[in-house]
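Asks: Need the 3D shape of this:
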Amino acid sequence: MIRVILVDDHVVVRSGFAQLLSLEDDLDVVGQYSSAAAAWPALLRDDVSVAVMDIAMPDENGLSLLKRLRAQKPQFRAIILSIYDSPTFVQSALDAGASGYLTKRCGPEELVQAVRSVDMGGHYLCADALRALRGGEQPATALEGLTPREREIFDLLVRGDSVKEIAFKLELSHKTVHVHRANVLGKLQCNSTIELVHFALDHQLLAGH
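Replies: Residues are numbered from 1 along each chain as shown. Just a heads-up that it's a prediction; the model follows:
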């Protein structure tokens, strides 16, 4: 069970996220707090898996809170939530030790995916954050690191094909397709097929499909 703590001074946002996460069988919201001070004792507990924390709070910002936490718990895993998607904010969150960054425009499926990815030791940046960090690089530059086979699999993934369908079309084993997919995700700094689709949309790589 993934045990989640929510820290956000906006009760509507916080309660909405709590209800959304509670619909998932593997997620359990074990605490909701409106300030850093109120959340601090709970965040220090050993049974907390992931925290979702707003940057802007009345007593202490989320980045400062995260730095204090990681000083005591170096492996602490947190997702920063913000209305801002500027490169400065995203990079500051990563520098503070955040494992994920979501804007408040993100879809519900992204929140769930982010929590699961971070709990498994990965990182998750929403499309807005990825775009901010990449600075609008051009498609040719973005994809130049892919091999011809990886580019082929990238195209099929963003069109909506499953690993099973790709394996059938390209006459490859499922394991081989999974390896290529992992390489594509790593090279493009994405954590999921959803992020690959966002990446393709951001770089206008779905035109004509």
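
Asks: make it CA atoms for all contacts and neighbour counts henceforth
Replies: OK.

Asks: how does this protein divide into domains?
Replies: 2-134, 139-202 (automatic domain parsing).

Asks: how far away is the most far-flung residue of the chain relative to its centre from residue 179?
Replies: In terms of distance from the mean C-alpha position of the chain, residue 171 ranks first, at 31.8 Å (C-alpha atoms, centre = their mean). Between residue 171 and residue 179 the computed distance is 15 Å (C-alpha to C-alpha, to the nearest Å).

Asks: Show me what the longest helix anywhere in the chain is packed against.
Replies: Assignment by DSSP state H gives helix 174-187 as the longest helix of the chain. Counting contacts by 3 or more C-alpha pairs under 8 Å, 6 or more residues apart in numbering; DSSP states H and E, helix 174-187 packs against helix 148-158, helix 163-170.

Asks: isn't there a strand covering residue 101?
Replies: Yes: Residue 101: assigned to a strand according to DSSP: H, G, I helix; E, B strand; the rest coil.

Asks: Count the residues that sit near it.
Replies: Residues lying near residue 101 (other C-alpha atoms under 10 Å) number 30.

Asks: For it, which residues count as its bridge partners?
Replies: residue 80, residue 125 (DSSP bridges).

Asks: For it, give me its contacts.
Replies: Neighbouring residues of residue 101 by C-alpha atoms under 8 Å, 6 or more residues apart in numbering: 79, 80, 81, 82, 90, 93, 124, 125, 126, 129.

Asks: measure the residue nearest to the spatial centre of the chain to residue 146 for me?
Replies: Closest residue to the average C-alpha location of the chain: residue 124 at 2.2 Å, with C-alpha atoms, centre = their mean. To residue 146, residue 124 is 21 Å away according to C-alpha to C-alpha.

Asks: Kindly report the same for residue 5.
Replies: 38 Å.

Asks: who has more neighbours, these two?
Replies: Remark: of residue 5 and residue 146, residue 5 carries more neighbours, 22 against 17, as counted by other C-alpha under 10 Å.

Asks: can you pick the most crowded of the contacts of residue 101?
Replies: Top of these by neighbour count (other C-alpha under 10 Å): residue 79, with 28 neighbours.

Asks: And for stretch 37-51, what's in contact with it?
Replies: Against stretch 37-51 from outside (C-alpha under 8 Å, 6+ apart): 2-7, 31-33, 59-60, 69, 73, 76-79, 115, 118-119.

Asks: and the end-to-end length of stretch 90-108?
Replies: Start-to-end, stretch 90-108 (C-alpha to C-alpha) is 20 Å.

Asks: Pull out the buried residues from it.
Replies: Buried residues in stretch 90-108, counted by 16 or more other C-alpha atoms under 10 Å: 90, 91, 93, 94, 96, 97, 98, 99, 100, 101, 102, 103.

Asks: residue contacts, the residue nearest to the centre of the chain?
Replies: Contacts of residue 124 by C-alpha under 8 Å, 6+ apart are 99, 100, 101, 114, 117, 118, 190, 191.
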